[in-house]
Structures are given as structure tokens and as C-alpha cells.
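Novice: Take a look and give me a structure for this.
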Amino acid sequence: MLRTNYLFLGELKMKKTKVISLLAVSVLSVSLLAACGSNNSSSSSDKKTEQSSKAEVFAGATQGTNNFSDLQKGFAKNGAWLNATKGDMDASGKTLTVEGLFLGDGQVARKLAIYNQDSSHKITDRYTLTVDKIEVKSPGFYISNGTVKGNVDVFATGFHGQTGTGVEGQATIDGNLTFASQDLLDAYNKLPDAQKVKVTGTTSVVKGDVVSFKPGGITAGAHGNVTYSFEGNGTDTETGATTGTADVSVLKKALGKNGAWLVATNADVDASGKDLTIDGTFLNEKSAVQRTLAMIKQNDQHQVTKSYTLTVKRLIVNSPAFDLEGGNIKGDVYVGKDASIMARDMKGTDGQSIQSEITGNLYFATQEQLDTYKALPAANQFKVSGEVAVKAAN
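Specialist: Residues are numbered from 1 along each chain as shown. Just a heads-up that it's a prediction; the model follows:
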């Protein structure tokens, strides 16, 4: 696989068409507000050519290996989020166990890369990994481009496939695919075809223990290993922050790095002349990276009956996978270089989408972020009165 050395030092960098951090939300069919019961989950753009831009320099499987033992170490709890083979690998009769919680490019991810590509990011070889089975106990695990000859048993959320352009072929399981619960299978079946794997055998539910992780604030190490800063809500989460508040001070604290993944308002919030900053990386209740600000009232059918407005000088978004679940922003919005933003597609009592509005400007730190945002479905973009452009908060 490293014959051309274009791959794993640059983390198998195909040309991007991804929508940053939205895959996990789509895969898991996240229900954002337990109290409100929103059923409007987002979806990513075609992930078939999405790859990381971040370099991984790590001895062993991250750079590609011919040794099954190294591959297994790479997928251990203290391994790396990305692991790869240099070519076909025959580990007949052996089980590859994928464990632990990892981030790759700001998303919960665990990647098995079994292919090679050229300098134009086109797939030149698709490899085969032969095993008895793979036991998937890490959320966000995906098979990239090659073939697993053997069974794959999934015990965690977010399993999917990835197929890039180039030589003929696709991510394949030459065997059976099983899920430990019906919910896991249902989530997989909801994926677009481009995110699924080809399965030569059966796809079914074989009940088992589903691996889950608690929501909370997290950080990621050099190879994606996740460490909790805290579980649940942070120390700055005050009464009303997650169920609904109109207090600027409560809102500001809850949106900080020691706040909560889900923050809500229950009325218009006036922070005129002030900056509010959304900081920190958070896991939601479905083991996906997410940060949500909900500014709506809903009925028992999950329809929006009232939308609220947050008035600020600037809303500065530094958290990855931030979304606005209804409501509007009056002021300028700045998206930091490691962050992303989207609007939820919320429905009114007439069943029609209610587009969230930004009365002001929407700025992104980089052109790539702006391009990614513009690739979102129209329902997940904002109605912006000002300009949508590249401009840093400072």
C-alpha cells in the first residue's frame, strides 16, 4: 500500500466531498431533544470520497502493515483511529477486535483502510483482508474501499462503508454482516447506498450486548484516542440550561467548554452588544460528536409552534458539529477553523420546513469550510441577510 507513499502519511487523502461531522448524526438518527422529540436528523453529503486531511505519523498499522498482530494492536483501545493494510492480508481463522472510542477529523470514527491510491487520490488497488470475523465494538467503524473476507459482527453505532473512485470495486464484506440490535440494523439501513458495504452473505440481527458511551465533554489524543473531560453535563451547566432558559449568563456558561452538548432557550434571548462563544467538543447520547442549541417550542407531534431569537454582537462557534435546532440569530456568526455549523430541518404545524435565519453575516475561517457548508442540502443552510464569506473572528 505504501509503494507510492501517497496514503497513510496523509491519511488516505482522497478529494473531499464531505460535510464535516454530519455523518455521525445521520448514521445514528439522533433524536436531539428528548423532551421535544425532534425527528429531523441531518444527513451528510456523499461520503464515498470523503477522507481525512490530517496527517497520521504512527508506527505500525496507521501507516500500513502486512502483519495481523500490528493491525490488531492498532484497533485496540489504546491504538489509533486509522489503521491500514499494505496489501492483501491472510489472517484466516483469526478475529480482529475493534475496541475503544476515537475521533478522526472531529467525528467519532474508526477506519479500516484496505486500498492504495495515486497522487490524484484515485484508487489504484483494492485489497482483501481475510479473517474469521471482525468484532466491531467501536462506534463509527467503517471499511474503506477494500474487501473483508469473513463475517463482520457489529456491536456499536455508526457502522458504514466507504468507496472511492478509481479501479473497479467497492467496500465489500465477503461473508455475513450482523448487528447486535434491531436499532443498529435500522440505522444502517437508513444510510444512502454510497455509505453501505456490499455483502455477499446475509445481513441480520444476532442479539448481543451493544457497546455505548456516555455523553460529555471530550478531548482527543494524537491518534484520536478519546478522553473524557467530564461525563454528562459540565460544571457550568446551570438550572434551565438544557431544558430552556432566557438568562444570558446561564446560556453563555452552558455553551462554553464546561457546559452541555444540548442547550435550549424558552424565550427570545437579548445579548445585544455581547459576544457568545460556543467552545469544546462533546459527545451526545448516541456516541456522536454534536453541539446543539435548540430555540423552539414544539407540540406533541414534534412540530414547531414557536421559534425564538438570540440577539448578539457575534456568535463565535468553535465546537465541531454545531447545529441550530430551530430559531434565529440576530448578529454575525463566525465559525472557527475546527468547527462546523448547520441548521436543522424543522417542520411547522403545516408540515413545511421552517428555515432558520441569521440577520447578519455568516463567516467561516477557511474556504474549505465555506465550500463544505454550501454543499449542505438547502434545508440545512441558513437564510442569511448579509454575506456568507471567509473571515476570521479576530
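Novice: can you count the residues close to the closest residue to Met295 other than its chain neighbours?
Specialist: For Met295, ignoring the flanking residues on the chain, the nearest one in space by C-beta to C-beta, 6 or more residues apart in numbering is Gly327 at 2.5 Å. Yep, even glycine has a C-beta here, placed from its N, CA and C like the rest. Neighbour count of Gly327, defined by other C-beta atoms under 10 Å: 26.
Novice: residues in contact with Gly327?
Specialist: 265, 293-296, 307-310, 356 (C-beta atoms under 8 Å, 6 or more residues apart in numbering).
Novice: Out of those, which comes closest to Val154?
Specialist: Distance from Val154 was checked for each of these by C-beta to C-beta. The minimum falls on Ala294, at 30.4 Å.
Novice: from memory the closest one sits against Asn266, does it?
Specialist: No: taking C-beta atoms under 8 Å as the contact criterion, Ala294 and Asn266 are not neighbours in contact, 9.6 Å apart.
Novice: The two - which one has more neighbours?
Specialist: Using other C-beta under 10 Å as the criterion, Ala294 and Asn266 rank with Ala294 on top: 27 against 16.
Novice: For the more buried one, name its beta-bridge partners.
Specialist: As for beta bridges, Ala294 partners with Ala264, Glu325 under DSSP bridges.
Novice: and it, how far is that from Leu276?
Specialist: Distance check for Ala294 against Leu276: by C-beta to C-beta, to the nearest Å, it reads 15 Å.
Novice: what ranges do the helices span in the stretch 151-300 of the chain?
Specialist: Assignment of helices within the stretch 151-300 of the chain using DSSP state H, counting those that start in this stretch yields the ranges 182-189, 248-254.
Novice: Need the CA coordinates for the longest one. PDB is fine.
Specialist: Provided in PDB are the C-alpha atoms of helix 182-189 (Å, rounded to 0.1, in the frame of the first residue of the first chain):
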ATOM      1  CA  GLN A 182     -32.500  -4.100  15.600                       C
ATOM      2  CA  ASP A 183     -31.800  -0.400  16.200                       C
ATOM      3  CA  LEU A 184     -28.300  -0.800  14.900                       C
ATOM      4  CA  LEU A 185     -29.600  -2.500  11.700                       C
ATOM      5  CA  ASP A 186     -32.300   0.000  11.200                       C
ATOM      6  CA  ALA A 187     -29.800   2.900  11.400                       C
ATOM      7  CA  TYR A 188     -27.600   1.200   8.900                       C
ATOM      8  CA  ASN A 189     -30.500   0.600   6.500                       C
END
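Novice: What residues sit buried inside it?
Specialist: Residues of helix 182-189 classed as buried under the neighbour-count rule (16 or more other C-beta atoms under 10 Å) are 184-185, 187-188.
Novice: Dump those residues to CSV, plus distance to Leu376 and pLDDT.
Specialist: Output for those, formatted as CSV (distance: C-beta to C-beta, whole Å; pLDDT from 0 to 100):
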residue, distance to Leu376, pLDDT
Leu184, 26, 98
Leu185, 27, 98
Ala187, 21, 97
Tyr188, 23, 98
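Novice: Is it possible to get JSON lines of the residues you listed that adds distance to Val148?
Specialist: Conversion of these to JSON lines gives the following (distance: C-beta to C-beta, whole Å):
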{"residue": "Leu184", "distance to Val148": "18"}
{"residue": "Leu185", "distance to Val148": "18"}
{"residue": "Ala187", "distance to Val148": "20"}
{"residue": "Tyr188", "distance to Val148": "15"}
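Novice: who touches the nearest residue to Ala339 once chain neighbours are set aside in this structure?
Specialist: The shortest distance from Ala339 to any residue that is not its chain neighbour, by C-beta to C-beta, 6+ apart, is 4.8 Å, and that residue is Val317. Residues in contact with Val317, defined by C-beta under 8 Å, 6+ apart, are 278, 333-336, 339, 341.
Novice: Distance-wise, check Val317 relative to Lys347.
Specialist: Distance from Val317 to Lys347, by C-beta to C-beta: 24 Å.
Novice: can you check Val250 too?
Specialist: For Val250 relative to Lys347 (C-beta to C-beta), the value is 28 Å.
Novice: same thing with Gly244?
Specialist: 20 Å.
Novice: Domain-wise, how is the protein divided?
Specialist: Each domain of the chain is listed here as a residue range: 8-16+51-205, 235-390, per automatic domain parsing.
Novice: Return the member of these having the minimum mean pLDDT.
Specialist: When the domains of the chain are compared on average pLDDT, domain 8-16+51-205 comes out lowest at a mean of 89.
Novice: Run the chain-centre distance for that one.
Specialist: Centroid separation between domain 8-16+51-205 and its chain, computed with C-alpha atoms, centre = their mean, to the nearest Å, is 16 Å.
Novice: before we move on, what about stretch 330-350?
Specialist: Here the centre of mass of C-alpha atoms in stretch 330-350, compared against the chain's by C-alpha atoms, centre = their mean, lies 16 Å away.
Novice: re earlier: over to the residue nearest to Met295: give its phi and psi.
Specialist: With angles defined as degrees, to the nearest 10, Gly327 shows backbone torsions of phi 90, psi 180.
Novice: do the same with Gly74
Specialist: Torsion angles, degrees, to the nearest 10, at Gly74: phi -60, psi -30.
Novice: doesn't Asn67 make contact with it?
Specialist: No: in this structure, Gly74 is not within contact of Asn67 by C-beta under 8 Å, at 10.1 Å.
Novice: higher neighbour count, these two?
Specialist: Per other C-beta under 10 Å, whichever of Gly74 and Asn67 has more neighbours is Gly74, with 26 against 14.
Novice: quick one: the more buried one and Val98, what's the gap?
Specialist: In this structure, Gly74 lies at 9 Å from Val98, with C-beta to C-beta as the measure.
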